[in-house]
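Student: got a predicted model here, sequence first, then my questions.
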Amino acid sequence: MNTAARTSTVRAVVFDNIVDGPTLTELTLAAPGPEEVEVEIVAAGVCGSDYHVVAGEWDVPHPLVLGHEGAGIVTAVGPDVTTVEVGDHVVLTWAPRCNRCRQCRAGRPWQCLGVVELIEPSGLLYDGTTRWSIGGEQVYHYSAVSSFAERVVVPQWGAVPIRKDAPLDVAALLSCGVATGVGAVTNTANVPKGASVAVIGCGGVGLSIIQGARLVGADPIVAVDVNPDKLTAARQLGATHALHVADRDALVDLLDIAPGGFDYVFDAIGRISTIEQMIKALGIGGTCVLVGIPSNEATASFDPRILSSGSRRILGSHYGSIDAHLDIPRLVDLWMEGRLDLDTLVSKRRPLAEVHAAFNDLRSGDALRTLLVVEH
Ligand code: COD
Ligand code: ZN
Ligand code: ZN
């Protein structure tokens with residue numbers, strides 16, 4: 001049933017330029033169109049890609065409403081919606097499959113071409129328009145999520161229904177960082193029990209890789225970071241070894257722990273010099289999984305013979321190769337069973353009005369994850 005008929009006024013965090021920075025503003029939100037749903041946001045996680053935008057490092061259509069991690073409750077549905085109903089609890093995903101493209105048809109919705117070719121570059125929804133405006137001027141969506149807001153309109157496949165007994169504030173973390181990290185282990189690399197694993201970079205994504213490695217029974221699980229606080233969290237979440245690499249060569253220490261090299265190494269930084277070290281840390285038959293995205297035009301070098309002569313592999317992992325509608329509810333179950341720890345990842349909770357402080361938490365490395373909790 002189509003429950004949508006109205007346009008409403010909503011407070012949301014808008015970003016236009018680095019001088020003004022992110023600003024909490026009143027906007028007009030149009031009703032959901034065909035195959036779209038309206039969601040009242042309970043909480044939004046502040047993740048690295050939001051920071052790249054406000055730091056002026058990524059050029060995206062603007063002004064835009066920030067945020068790409070969030071969870072909430074469906075408040076209205078547009079025509080032809082088949083996936084959710086009003087009242088459903090949902091986790092938002094920035095990969096709202098089009099169900100039509102070659103990647104979707106091949107069962108790879110995390111690589112949906114509709115998202116890559118239309119949603120991300122245009123800042124619009126699938127019909128080529130935006131639901132956001134201020135005084136008649138259009139404001140863009142961010143990856144069809146824009147979760148730093150009281151309410152949003154998203155494509156129906158951008159709202160993943162989850163069980164209603166799961167706390168919706170913490171569930172917001174499942175939108176991006178946790179799914180990206182755990183999925184890199186369970187889906188992209190399919191790490192088997194007993195495999196040796198090293199993870200370089202223990203932010204929200206790297207810590208989720210560590211949790212994924214613990215869930216599949218990897219051993220040892222070596223966490224590598226420059227920040228000792230991140231290593232403390234890594235130990236808590238399943239790392240068997242922690243390497244602080246402030247002024248040392250991680251490679252030497254890594255090979256002390258696994259003299260023949262590792263079965264799996266994960267990069268969760270996107271830094272060329274560490275990626276090159278990780279490739280050198282691979283054992284025979286080992287796999288290097290690249291999760292971080294380096295800066296534009298960066299290139300890495302490696303000796304190609306180590307791949308062919310030792311059956312080594314380099315894999316790219318985008319959004320943990322997850323099918324959001326299958327894997328996010330599974331992650332919720334693991335969390336509710338006490339097997340996946342999300343609460344340790346939440347360092348701070350702030351209202352939308354403290355969005356500047358929330359970005360400072362991310363920039364300074366003081367917080368694992370800050371949740372923006374929306375007061376209704
Ligand atoms: N050696 C070891 N650790 C380091 C080094 C170094 N030289 N430099 C930085 N680190 C550590 C930092 O101390 C920090 O703990 C960690 O690396 C990076 O973590 P965060 O908190 O800055 O970032 P995350 O975990 O939220 O995200 C990391 C990514 C690499 C995944 C992210 O930056 C990225 O590239 N995102 C794009 C890819 C992606 O999947 N995006 C999905 C949407 S966000
Ligand atoms: Zn993210
Ligand atoms: Zn598609």
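Tutor: Done, it's in. Residues are numbered from 1 along each chain as shown. Ligands and ions are numbered 1, 2, ... in the order given.

Student: what sits closest to the residue of the stretch 251-376 of the chain found nearest ligand 3 if chain neighbours are left out?
Tutor: Distances between the stretch 251-376 of the chain and ligand 3 by CB to the ion are smallest at residue 323, namely 11.9 Å. In short, each C-beta sits where N, CA and C put it, glycine included. With sequence-adjacent residues excluded and distances taken as CB to CB, 6 or more residues apart in numbering, residue 323 is closest to residue 109, at 5.4 Å.

Student: residue 136 versus the residue located most distally from the centre of the chain, what's the distance?
Tutor: Farthest-out residue of the chain from its mean C-alpha position, per CA atoms, centre = their mean: residue 309, at 34.8 Å. Noted for residue 309: a distance of 64 Å to residue 136, by CB to CB, to the nearest Å.

Student: again, but for residue 258
Tutor: Remark: distance between residue 258 and residue 136 (CB to CB) = 61 Å.

Student: these two: which is more packed in?
Tutor: Comparing residue 258 with residue 136 by neighbour count (other CB atoms under 10 Å), the higher total belongs to residue 258, at 20 against 6.

Student: surely the more buried one meets residue 197?
Tutor: No - with contact defined as CB atoms under 8 Å, residue 258 does not count as touching residue 197 (9.4 Å).

Student: between those two, which contacts overlap?
Tutor: 220, 222 (CB atoms under 8 Å, 6 or more residues apart in numbering).

Student: could you check how far the lowest-mean-pLDDT helix or strand in the chain is from the centre of its chain?
Tutor: For the chain, using mean pLDDT, DSSP states H and E, the weakest element among its helices and strands is helix 250-257, scoring a mean of 88. Between the centre of helix 250-257 and the centre of its chain there are 29 Å (CA atoms, centre = their mean, to the nearest Å).

Student: cool, and stretch 268-285?
Tutor: Counting by CA atoms, centre = their mean, stretch 268-285 comes out at 22 Å from the chain centroid.

Student: repeat that for stretch 7-22.
Tutor: Taking mean C-alpha positions (CA atoms, centre = their mean), stretch 7-22 and its chain are 21 Å apart.

Student: and residue 188, how close does it get to residue 111?
Tutor: 12 Å.

Student: and for residue 236?
Tutor: Residue 236 sits 33 Å away from residue 111, going by CB to CB.

Student: neighbour count: the two, which is higher?
Tutor: For residue 236 versus residue 111, neighbours defined as other CB under 10 Å are more numerous around residue 111 (17 against 12).

Student: quick check: closest non-adjacent residue to that one.
Tutor: Excluding its sequence neighbours, the residue lying closest to residue 111 (CB to CB, 6+ apart) is residue 103, at 4.3 Å.

Student: ok, residue 6 next?
Tutor: Nearest to residue 6 is residue 31, by CB to CB, 6+ apart, at 5.5 Å.

Student: again with residue 230
Tutor: residue 202 (4.0 Å).

Student: low pLDDT regions in this protein?
Tutor: The chain contains residues with pLDDT under 70 at 1-5, 247-248.

Student: most centrally placed residue in it?
Tutor: Centroid-nearest residue in the chain: residue 176, 2.1 Å away (criterion: CA atoms, centre = their mean).

Student: isn't it right up against residue 50?
Tutor: No - using CB under 8 Å, residue 176 makes no contact with residue 50, being 9.6 Å away.

Student: overlap in contacts, those two.
Tutor: With CB under 8 Å, 6+ apart as the test, residue 176 and residue 50 both reach residue 68.
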